[in-house]
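Participant: Sequence unavailable; structure follows:
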Ligand code: SAM
């Protein structure tokens with residue numbers, strides 16, 4: 001199972017970017033996102049996406065990050081521009097173990113770097129948690145996320161022009 005832990009979420013400032021972190025997590029093959037701050041609005045947005053577009057992606061807000069991290073039975077990866085290069089580490093991660101991927105918002109406290117098994121950078125320039133997560137999941141799944149079946153009520157049919165949407169229920 002692939003899980004995300006979004007830390008430092010500030011409701012007013014980060015609502016769009018945290019929503020995008022969750023949407024990228026779901027689309028790129030993760031199973032669950034934990035968000036440290038309680039935020040019913042993001043829960044509703046993501047739950048509505050799952051209801052329409054399918055899959056079993058779960059969202060939990062108001063998650064106790066210390067409890068989750070101290071009791072995690074699997075691998076913990078922290079995405080940070082200060083980490084070791086993605087290329088060097090990604091193939092060392094045991095894919096048979098549950099994975100928890102931490103992404104920050106504001107400054108990430110030092111204990112997060114300590115508790116993580118791997119601090120991994122997606123390039124050593126500052127950019128975005130959305131981009132870092134997408135590139136990491138693409139590499140971790142060897143690009144296989146793209147074949148994931150969601151079996152949703154809505155399915156988009158790839159098309160060169162216009163929008164082709166298969167609607168099973170609506
Ligand atoms: N200033 C914050 C700090 O010192 O930790 C980082 C803020 S950054 C906008 C938000 C998040 O994006 C980071 O916590 C990290 O998870 C992710 N991020 C940004 N650039 C990254 C990079 N080059 N590699 C991996 N993750 C990155």
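Facilitator: Now that the structure is in, tell me what you want to look at. From a predicted model like this one, the values you see are computed outputs, not experimental measurements.
Participant: The residue nearest the centre of the chain in helix, strand or coil?
Facilitator: In the chain, the centroid-proximal residue (CA atoms, centre = their mean) is residue 25; its distance is 3.2 Å. Three-state call for residue 25 (DSSP: H, G, I helix; E, B strand; the rest coil): helix.
Participant: residues in contact with the closest residue to residue 13 other than its chain neighbours?
Facilitator: Excluding its sequence neighbours, the residue lying closest to residue 13 (CB to CB, 6 or more residues apart in numbering) is residue 105, at 7.9 Å. Every C-beta, even on glycine, is put in place using the N, C-alpha and C of the backbone. Counting by CB atoms under 8 Å, 6 or more residues apart in numbering, residue 105 makes contact with 6, 7, 8, 9, 10, 13, 14, 17, 18, 129.
Participant: Ok, residue 78 next?
Facilitator: Applying CB under 8 Å, 6+ apart, we find residue 78 in contact with 101, 102, 108, 112, 113, 116, 118, 119, 120.
Participant: Let's see that with 7 Å instead.
Facilitator: 102, 112, 113, 116, 119 (CB atoms under 7 Å, 6 or more residues apart in numbering).
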